[in-house]
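Q: Predicted structure and sequence below. I'll ask about it afterward.
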Amino acid sequence: MTHFSGIMFQVIYSVKRKNRITVDVLAAGGRYDALLTRFRKPGSSAMSPTQAAVGVSIAYDKVNDTSIPDDK
């Protein structure tokens, strides 16, 4: 996780299935400021402003599964 430079987050969903509570991660992400700095053009000025970046990954299939009622 060294490519993150600040806060990291997860969106979780807990559901009871077969008498057990399970937790699924529906989305996750964080700040990537340090990663952008690594990919600057060679010779670019060190005095240029730091670019801020935030990324997120959404597990669409899991989000979709949470919206379908479980009749079992």
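A: In hand now; what should we look at?

Q: Just the buried residues of the helix or strand of the chain with the lowest mean pLDDT, please?
A: Using mean pLDDT, DSSP states H and E, the weakest-scoring helix or strand in the chain turns out to be helix 33-38, at a mean of 73. Residues residue 33 are the ones in helix 33-38 that count as buried (16 or more other CB atoms under 10 Å). The way it works is simple: take the backbone N, C-alpha and C, and place the C-beta from them, glycine included.

Q: could you point out which element follows it?
A: Downstream of helix 33-38, the next assigned helix or strand under DSSP states H and E is strand 54-58.

Q: So what's the residue count around residue 30?
A: 19 (other CB atoms under 10 Å).

Q: Tell me what it is bridged to.
A: Judged by DSSP bridges, the bridge partners of residue 30 are residue 8, residue 55.

Q: Packing partners of the lengthiest helix in the chain?
A: Ranked by number of residues, the top helix in the chain under DSSP state H is helix 60-67. If you count contacts as 3 or more CB pairs under 8 Å, 6 or more residues apart in numbering; DSSP states H and E, helix 60-67 packs onto strand 8-17, strand 20-31.

Q: Can you flag the weakest of the ones you listed by average pLDDT?
A: Sorting these by mean pLDDT places strand 8-17 lowest, at a mean of 86.

Q: Could you check the angle it makes with helix 60-67?
A: Angle, strand 8-17 to helix 60-67, by axes from the mean of the first three to the mean of the last three CA atoms, to 10 degrees: 40 degrees.

Q: Sort out which residues of strand 8-17 are buried, please.
A: For strand 8-17, it's none, nothing buried (16+ other CB under 10 Å).

Q: That one packs against which elements?
A: With contacts taken as 3+ CB pairs under 8 Å, 6+ apart, strand 8-17 sits against strand 20-31, helix 60-67.

Q: For residue 53, find the nearest of these.
A: strand 20-31 (6.8 Å; CB to CB).

Q: Which residues outside the closest one are in contact with it?
A: Applying CB atoms under 8 Å, 6 or more residues apart in numbering, the external contacts of strand 20-31 come out as 4-16, 52-59, 62-63, 66.
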